[in-house]
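A.B. asks: Structural data only, the sequence is not supplied:
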């Protein structure tokens, strides 16, 4: 199984992905932003985003081929979601996508241990303007504004179980 956790900066992607991986077991979490550390001398532009997404797909493919489930977390546009799927190739795996979409005023708050800087706040506003929180690709949108991380994970697990019963 391959799970995409989408959402703007500060929507809870990393927290939810880590908790979900523990809950599911036998699941690797690929945080696309962590791949940037390999080439932190490059500017964060479209070229680097493509490189990072390509690497995420290749790492995910390796994990899946080794029998692991995978969670990929990143703010995804429809174009970048399609890129990830194309880079995965013909791998046979159940794919589910979830978008964490807290209300904008919630996403703009310092949450947990995270203190947002001005660039992050502007980037969150940009993500909401371009629809990262309401994407056009096939995803389950979750308003996690008033949920604990555990409640959000439970909701996602419920969707995963429902998708398995449909097969």
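C.D. replies: Received it, and whenever you're ready, just let me know what you need. None of the values given here were measured: they were computed from a predicted structure. Residues are numbered from 1 along each chain as shown.
A.B. asks: How much space separates the residue nearest to residue 149 when sequence neighbours are not counted from residue 150?
C.D. replies: Distance criterion Cβ to Cβ, 6 or more residues apart in numbering; nearest residue to residue 149, sequence neighbours excluded, is residue 15 at 5.1 Å. Just so you know, the C-beta spots here come from the backbone N, C-alpha and C atoms, and that holds for glycine as well. Distance from residue 15 to residue 150, counting by Cβ to Cβ, to the nearest Å: 10 Å.
A.B. asks: who has more neighbours, those two?
C.D. replies: Neighbour totals were compared for residue 15 and residue 150, and residue 15 leads with 19 against 11 (other Cβ atoms under 10 Å).
A.B. asks: shouldn't the more buried one be in contact with residue 113?
C.D. replies: No: Residue 15 lies out of contact with residue 113 (Cβ atoms under 8 Å); the separation is 10.0 Å.
A.B. asks: Tell me where the model's unsure across the protein.
C.D. replies: Within the chain, the ranges that satisfy pLDDT under 70 run 167.
A.B. asks: quick one, helices of it?
C.D. replies: Taking DSSP state H as the test, the helices found in the chain are 13-24, 32-35, 46-65, 78-88, 104-107, 118-130, 149-165.
A.B. asks: Can you point out the buried residues in the last one?
C.D. replies: Judged by neighbour count (16 or more other Cβ atoms under 10 Å), helix 149-165 contains these buried residues: 152, 153, 155, 156, 160.
A.B. asks: before we move on, what about the first one?
C.D. replies: When burial is assessed from 16+ other Cβ under 10 Å, helix 13-24 yields the following buried residues: 13, 14, 15, 16, 17, 18, 19, 20, 21, 24.
A.B. asks: again with the fifth one
C.D. replies: Taking 16+ other Cβ under 10 Å as the basis for neighbour counts, the residues of helix 104-107 that come out buried are 106, 107.
A.B. asks: And the helices of the chain: which comes nearest residue 142?
C.D. replies: helix 149-165 (5.9 Å; Cβ to Cβ).
A.B. asks: which residues make contact with the closest one from outside it?
C.D. replies: 1, 3, 12, 15-16, 19-20, 23-24, 94, 96, 98, 100, 140, 142, 144, 147 (Cβ atoms under 8 Å, 6 or more residues apart in numbering).
A.B. asks: So what's the residue count around residue 122?
C.D. replies: 12.
A.B. asks: That should have said residue 109, apologies.
C.D. replies: Residue 109 has 12 nearby residues by other Cβ under 10 Å.
A.B. asks: mind listing what it touches?
C.D. replies: Residue 109 neighbours (Cβ under 8 Å, 6+ apart): 10, 116.
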